[in-house]
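# have a look; sequence and predicted model below, questions after that.
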Amino acid sequence: MIQEWLNLVLNIVVMLLAVALTTLAVRLHSNSAFAGAALYSLLSFGENPAGIVLFWTSLETSLGAISRLKAFNDTVKSEDRDGESIIPPEHWPQSGVVVLKGVSATYSSEYHEGSTTRLALHDIHLTIGSGEKVAICGRTGSGKSSFIALLLKLIDPISIGAEIILIDGQPLQHLNRSELRQRIIAVPQETVFLPDGSTFWANLDVAQEATREECETVLTAVGLWEFVQERGGLDAGMNASTFSAGQRQLMSLGRALIRRSIRQRKYAAGAEHGGILLLDEVSSSVDQETECVMQQTIRTEFKNYTVIAVAHRLDMVMDFDKVVVMDTGEIVETGIPAILAREAGSRFGDLVRARNG
């Protein structure tokens with residue numbers, strides 16, 4: 001903005017000088033060749049200050065960016081902790097068993113015993129068996145997304161006990177964060193794309209490990225292959241704004257399918273491979289048709305996976321094995337969704353009836 005203003009002022013000054021020079025040349029009947037040369041020199045002179053302004057503002061912008069990066073590096077602590085040295089086996093987590101024993105967690109990094117800081121999760125006791133489909137439900141602010149964040153080590157438990165959270169027998173506290181997030185497949189609520197102009201292939205398979213055939217198969221499974229073909233195919237550049245809300249979520253689910261396919265190819269050798277799939281309100285902004293596609297894809301493609309889903313639309317989880325109802329960071333009810341939905345006084349039943357009006 002400052003650069004544009006300075007360029008405008010310089011252009012106006014050069015214009016006024018050119019008008020004055022032309023007026024003087026006409027009134028004094030100066031030599032036309034001399035007047036033309038002077039006018040050309042004046043215009044050329046105007047380009048030099050404009051160039052200086054351009055380079056100066058670029059320098060200021062660069063120095064500001066460097067200053068912000070340095071401040072970020074000085075003030076933001078690394079999320080890695082001492083003792084996070086466990087690199088699990090390549091096939092981990094194959095069973096997908098998750099055990100939590102009295103887990104409490106907070107987003108505050110300065111929490112201490114006796115602190116008045118509100119806990120995001122409080123005294124969570126839960127066991128999720130291999131291949132179970134578990135829904136996490138509750139009202140806004142109940143701790144649903146915090147539960148997913150805890151499993152991805154986006155927040156840390158306040159206890160220092162080594163075995164309060166176990167995933168396939170491995171203590172979460174000592175797992176390497178980067179390895180953990182590579183092994184657990186997660187589908188976020190908001191889909192993030194690479195910069196505009198990057199290809200469909202790069203956006204679908206960010207790690208660039210999948211084959212073209214795997215990408216086509218996945219896009220067909222989520223109903224986006226025809227959409228991609230109409231826009232030039234996998235190698236064509238794309239713009240995130242061309243995707244609807246539902247298509248964005250289908251693309252995000254496609255990424256999860258790609259990761260499942262790669263794990264299957266690398267470690268299963270023809271046998272069905274298990275794992276963990278985390279879903280954070282993936283159907284909250286999609287229409288009913290897209291939701292049905294997502295439900296069917298999850299049932300068929302992740303049938304051997306442990307699925308933990310934060311659910312906004314409760315009809316999506318009625319066929320799950322278990323539902324966990326949360327309120328203010330605590331588990332207040334667990335059970336089978338279809339049964340709880342019919343029970344009088346059930347927290348889950350109240351949520352279902354409130355959603356259905």
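Yep, that arrived.
# helices of this protein, start to end?
Ranges of helices within the chain are 2-27, 32-75, 144-151, 177-183, 200-204, 212-221, 225-230, 245-263, 288-301, 337-340, 347-355, based on DSSP state H.
# in CSV, list these along with mean neighbour count, distance to residue 307 and mean pLDDT.
Backbone N, C-alpha and C define where each C-beta goes, glycine included. Shown next, in CSV, are the helices of the chain (neighbours: other CB atoms under 10 Å; distance: least, CB to CB, whole Å; pLDDT from 0 to 100):
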stretch, mean neighbour count, distance to residue 307, mean pLDDT
helix 2-27, 13, 52, 67
helix 32-75, 12, 36, 74
helix 144-151, 22, 12, 93
helix 177-183, 16, 15, 91
helix 200-204, 21, 21, 93
helix 212-221, 17, 16, 93
helix 225-230, 15, 24, 93
helix 245-263, 21, 11, 91
helix 288-301, 16, 7, 85
helix 337-340, 18, 13, 91
helix 347-355, 17, 18, 85
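# residue 236: which of those helices is closest?
helix 200-204 (6.3 Å; CB to CB).
# got the contact list for the residue nearest to residue 250 when sequence neighbours are not counted?
Using CB to CB, 6 or more residues apart in numbering and skipping residues adjacent in sequence, the residue nearest residue 250 is residue 222, 4.4 Å away. Counting by CB atoms under 8 Å, 6 or more residues apart in numbering, residue 222 makes contact with 250, 251, 253, 254, 257, 293, 294, 297.
# and if we set it to 7 Å?
Residues near residue 222 by CB atoms under 7 Å, 6 or more residues apart in numbering: 250, 253, 254, 293, 297.
# looking at it, residue 252 is touching residue 187, isn't it?
Yes: if you go by CB atoms under 7 Å, residue 252 and residue 187 touch, sitting 5.2 Å apart.
# check the gap between the closest residue to residue 263 other than its chain neighbours and residue 262 for me.
Closest residue in space to residue 263, ignoring its immediate chain neighbours: residue 273 at 5.8 Å, by CB to CB, 6+ apart. Going from residue 273 to residue 262 by CB to CB, to the nearest Å gives 10 Å.
# picking that back up, can I get the contacts of residue 222 in TSV with distance to residue 194?
Compiled in TSV, those are given as follows (distance: CB to CB, whole Å):
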residue	distance to residue 194
250	17
253	17
254	14
293	23
297	23
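# which one of the residues you listed is nearest residue 136?
residue 253 (18.1 Å).
# against residue 211, how distant is the closest one?
Taken as CB to CB, the span from residue 253 to residue 211 is 19 Å.
# where does the stretch 51-200 of the chain have low pLDDT?
Applying pLDDT under 70 to the stretch 51-200 of the chain flags residues 51, 53, 109-117, 159-163.
# how about the strands in it?
98-105, 121-128, 133-138, 165-167, 170-171, 185-187 (DSSP state E, counting those that start in this stretch).
# which of those sits most buried?
Comparing the strands of the stretch 51-200 of the chain by mean neighbour count (mean count of other CB atoms under 10 Å), strand 133-138 comes out on top with a mean of 24.
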